[in-house]
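Undergrad: attaching a predicted model along with its sequence, questions to come.
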Amino acid sequence: MLAEVGHFALIIAFVLACLQAVVPLVGAWRGHSGSMLLAPPLAVGVFVFLLIAFVILATTFLQDDFSVKVVASNSNSFMPDIYKFSAVWGNHEGSLLLWVLILSGWMVAVAQFSRGLPLTMLARVLGVMGLVAVGFIAFSLLTSNPFERLLPGIPAEGQDLNPLLQDPGLIIHPPLLYMGYVGFSVPFAFAIAALMGGRLDAAWARWSRPWTNVAWGFLSLGIMLGSWWAYYELGWGGWWFWDPVENASFMPWLVGAALVHSLAATEKRGLFRSWTVLLAIAAFSLSLLGTFLVRSGVLTSVHAFAADPDRGLFILIFLALVIGGSLVLYALRAPTVASRVQYGAFSREALLLANNFIFVISATTVLLGTLFPLVMDALGQGKYSVGPPYFNAVFVPLMALLVPFMGIGPVSRWKQDAPSRWRQELLLPAAVVVLCALVLPVLTLGFNLWVALAVLFSGWLLAGLLRDFLDRTRTAKGLFSKWRRLTPSYLGMLLAHTGFAAMILGVTVVSQHNVEKDLRMLPGDSEDVAGYRFHFVGVNPVAGPNYDADQADFQVFKGETLVAELSPQKRRYRASGQVMTEAAIDPGMFRDLFIAMGEPVGEEAWAIRLQYKPMIRWIWFGALMIGFGALTTAFDRRYRLRERRLDTAETQAAMNSPAHAKA
Amino acid sequence: MPRLKLFLPLAAFVLLSLLLFKGLSLDPTSLPSALVGKPLPDFELEELHSGEILSRQRIIGEPMLVNIWATWCYSCRVEHPYLLELAAQGVQIIGLNYKDDSVKAVGWLKDLGDPYALTLADSEGRLGLDMGVYGAPETYVVDAQGVVQYRHVGVVDAQVWQSLLVAWFPEFRREGVSQ
């Protein structure tokens, strides 16, 4: 019964979404404010019914209702409750429901926090988001109904969730990632609304900006969690695999990074307007493309959902309508007149242009690499797979190219700046950084050209940030007034750029100084890895809630001091019989010690992998800073202040308009 | 014609969707492996029984079948008797025990018989990844020079052997027909 109620709630949400897609847009077209005013309540309605559907689905999981197909195939009564709950989005149908729920959450947020928007704009934005919601709810109802029953013949027990997904990281990774993915629908809707209204100005950029930054921040955090999860859960200590599904989330991130920066130029200087609109469309289109790639079975990947060409066709048609439609609108309505605003070759605008150029090229290379196997297959040229060598070879130099510009960015001025001033500002810091790059690696892990370059690059970024920070706060007296000068958007930039510097260091150091040993070890054996002695104590059987495991006990010594006791496991999940390696990790700011169990080899002996991973945490720590930096910028007061000012201006304008009189 | 330039993204997208549409009708899993015509990738894996570390060099030398199998794979159980039959005829079969538990695998071979001249224990699926294995069972024909000649996804039975695989094992052709 419950599942049917859920199904029904989903249908109601669909109907409301249809209304939301049509009524406000027609209202905006005909200038009928009554219809436009319906947009926010309709958005809330869609959200409420999707929430009901989601809660019901979660309840069927928690109640072990195996008459519901997705529950039977993805859950098990022995699983801990928290994993029963996260199993809701551990499958295609449930994760799609989460996708639309989050989309409607963003709609409600727009309705709530954009009270200051002109009514037509708000109606159009919510209408466009409603259109997207219609497509995805229809997708769920028609091809992937999560409430489908298994009748007759209810299984007595469920098949268990894929053990890889039974992990705390996977509880929050998909929701965060979707927050980012789906969040790009907001700047997309703003862009489409602006194109419809023919109003691509600084105000539009200012409205889109906080939404873009927040969505991009969530996407950063989601990707970071995914990478972290892969590191400790997949069991072999890598942190990025250039897998098609990873790329699917990474492409919108790269275009999003370009968008975040070009919006700055559009807001502050009214520049790059057509370009910014195109980026906003592209970021969301790539999110949709990612959804298509993951759920259609066009590309094979470690974590693609079950392939189904029908679903693929549905999303493709939807993709064609949404993206094709917006690009047609773009081609017809985007301003062609070059902006009258001028800027010099040495200016912040030029630097931002370089940033955009590099990010878009990067996204394109990732897209090409991801689709290359498909292209060759479609042209009958045979089957190919494009692996990390290609991506690393093109991607790393591009990111390195970004750094010189990024270091100057903060100290640069809008409109016209002078290289001589940059030289004056940055010459001393640059000298210090070069010195550090030469000395630091020697003092720590031994000189290595790549590490020296990484120190040089991240040092250059930090030098630029620090220089600008000092310039800004120099004239302020007292700590408090210094602090007051730092707006949230400036702090966010500081945080995100510092995070990027930390990532450069982490990535380079771990790839250069990583030590990895695959061994056959007997209880009592010891092995030295990078100055640490790993002592294998023994293996014991351990029983978990839904698995049995062999657990190896290790003691790690540095000299004579015990540094860590680690217990990696080899688990066998009872329901599926799947075997999983649960690595044990001693984390640290400057190094991780990593032990994973392989197979038993002969009497009591085990294949063991020992790893020393210096500074790997810096990668995720940096990504966290990028994510939180982006989120911080949204708290800038100017977004709220100007909205309020606009609010009053708009209400007055609305009062005087004939449309309002009619209503 | 500045307006025309704005149609470029649309044109690119149309091309992309044509590609994706075509992609839907292609089955990425019905692969004539990317490896066909290329040497078998190098590896260092333990032999399932002896624990000896084997490399590519050690196993090549005569035409053989490389059979991907695992105890968790039901279809592998289905094809197992026919593999025993082939092995009895003298066909060289190397097993690749894919993402499996070694203890279970040894038990399976003890219970059902061992058709494999050697069995590589690929518990992490690394060689499988290099070979582009999508699941079990899969069977590769590797010639005497160690070059992959053919890939079959799914169960090997008399019909598959006769129509697809035997071509690379001329000396078994006649005996095969009588099967």
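TA: Yep, that arrived. Numbers count the residues shown, from 1 in each chain, chains lettered A, B, ... in the order given.
Undergrad: show the pLDDT at A:Gly222.
TA: According to the predicted model, the pLDDT of A:Gly222 comes to 94.
Undergrad: now name the helix or strand holding it.
TA: When secondary structure is defined by DSSP states H and E, A:Gly222 falls within helix A:202-233.
Undergrad: cool, and A:Pro335?
TA: Taking DSSP H and E as the criterion, A:Pro335 maps to no regular element, lying outside all helices and strands.
Undergrad: what's the average pLDDT for stretch A:158-165?
TA: Confidence over stretch A:158-165 (mean pLDDT, whole number) is 79.
Undergrad: phi, psi of A:Ser489?
TA: For A:Ser489, the backbone dihedrals are phi -70, psi -30 (criterion: degrees, to the nearest 10).
Undergrad: cool, and A:Lys570?
TA: Backbone phi and psi, for A:Lys570 under degrees, to the nearest 10, turn out to be phi -120, psi 110.
Undergrad: need the contact list for the residue in the stretch 51-200 of chain A that chain B sits nearest to.
TA: Per CB to the nearest CB, A:Leu195 is where the stretch 51-200 of chain A lies closest to chain B, at 11.0 Å. Just so you know, the C-beta spots here come from the backbone N, C-alpha and C atoms, and that holds for glycine as well. With contact set as CB atoms under 8 Å, 6 or more residues apart in numbering or on different chains, A:Leu195 has these partners: A:Val277, A:Ser326, A:Leu329, A:Tyr330, A:Arg333, A:Ala334.
Undergrad: intersect those residues with the contacts of chain B.
TA: Restricting the contacts of A:Leu195 to those within reach of chain B (CB under 8 Å from any CB of the partner chain) leaves A:Tyr330, A:Ala334.
Undergrad: most neighbours out of the contacts of A:Leu195, which is it?
TA: Neighbour counts for these (other CB atoms under 10 Å in any protein chain shown) peak at A:Val277, which has 30 neighbours.
Undergrad: which residue is the nearest non-sequential neighbour of it?
TA: Counting by CB to CB, 6 or more residues apart in numbering or on different chains, the nearest residue to A:Val277 once its immediate chain neighbours are dropped is A:Ala191, at 4.7 Å.
Undergrad: quick check, that neighbour in contact with A:Ile281.
TA: Yes - with contact taken as CB atoms under 8 Å, A:Ala191 and A:Ile281 are classed as touching, separated by 5.8 Å.
Undergrad: quickly list what's touching both of the two.
TA: Counting by CB under 8 Å, 6+ apart, the contacts common to A:Ala191 and A:Ile281 are A:Ser326.
Undergrad: which parts of the top helix by length along chain B are buried?
TA: With DSSP state H applied, the helix covering the greatest number of residues in chain B is identified as helix B:8-25. Of the residues in helix B:8-25, those scored as buried under the neighbour-count criterion (16 or more other CB atoms under 10 Å in any protein chain shown) are B:Pro9, B:Leu10, B:Phe13, B:Leu16, B:Ser17, B:Leu19, B:Leu20, B:Phe21, B:Gly23, B:Leu24.
Undergrad: what helices and strands are in contact with that helix?
TA: Applying 3 or more CB pairs under 8 Å, 6 or more residues apart in numbering or on different chains; DSSP states H and E, we find helix B:8-25 packed against helix A:273-296, helix A:309-319, helix A:325-333, helix A:348-378.
Undergrad: just the ones you listed: most buried one?
TA: A comparison of the helices and strands packed on helix B:8-25 by mean neighbour count, using mean count of other CB atoms under 10 Å in any protein chain shown, puts helix A:273-296 on top with a mean of 25.
Undergrad: picking up where we left off before, which of the contacts of A:Leu195 lies closest to chain B?
TA: When these are compared for distance to chain B, the smallest value, 5.3 Å, is given by A:Ala334; criterion: CB to the nearest CB.
Undergrad: residues of chain B that sit close to chain A?
TA: When proximity is defined by CB under 8 Å from any CB, chain B lies next to chain A at B:2-3, B:5-7, B:9-10, B:13-14, B:16-17, B:19-26, B:28-29, B:31-34, B:46, B:51, B:72, B:99-103, B:121, B:123-124, B:132, B:134.
Undergrad: how does it look with 6 Å?
TA: Of all the residues in chain B, those in contact range of chain A (CB under 6 Å from any CB of the partner chain) are B:2-3, B:6-7, B:9-10, B:13, B:17, B:19-20, B:22-24, B:26, B:28, B:31, B:34, B:51, B:72, B:101-102, B:123.
Undergrad: A:Leu37 and chain B: what is the separation?
TA: 33 Å (CB to the nearest CB, to the nearest Å).
Undergrad: before we move on, back to that, reformat the helices and strands packed on helix B:8-25 as JSON lines; add mean pLDDT.
TA: As requested, the helices and strands packed on helix B:8-25 are arranged in JSON lines below (pLDDT from 0 to 100):
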{"stretch": "helix A:273-296", "mean pLDDT": "89"}
{"stretch": "helix A:309-319", "mean pLDDT": "84"}
{"stretch": "helix A:325-333", "mean pLDDT": "92"}
{"stretch": "helix A:348-378", "mean pLDDT": "89"}
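Undergrad: wait, is B:Leu54 part of a helix?
TA: No - assessed by DSSP: H, G, I helix; E, B strand; the rest coil, B:Leu54 does not belong to a helix; its assignment is strand.
Undergrad: from the structure, what's the count of residues near the nearest residue to it once chain neighbours are set aside?
TA: Using CB to CB, 6+ apart and skipping the chain neighbours, the partner closest in space to B:Leu54 is B:Glu47 (5.5 Å). Around B:Glu47 there are 18 other residues, counting by other CB under 10 Å.
Undergrad: what sits closest to residue 108 if chain neighbours are left out?
TA: Because you didn't say which chain, this covers chain A. Here the nearest residue to A:Val108 in space, its sequence neighbours aside, is A:Phe47; by CB to CB, 6+ apart that works out to 4.8 Å.
Undergrad: try chain B instead
TA: Leaving aside its sequence neighbours, B:Trp108 sits nearest to B:Thr71 (CB to CB, 6+ apart; 4.9 Å).
Undergrad: just the pLDDT for that neighbour.
TA: Predicted confidence (pLDDT) for B:Thr71: 81.
Undergrad: ramachandran angles for it?
TA: According to degrees, to the nearest 10, the main-chain angles of B:Thr71 amount to phi -70, psi -20.
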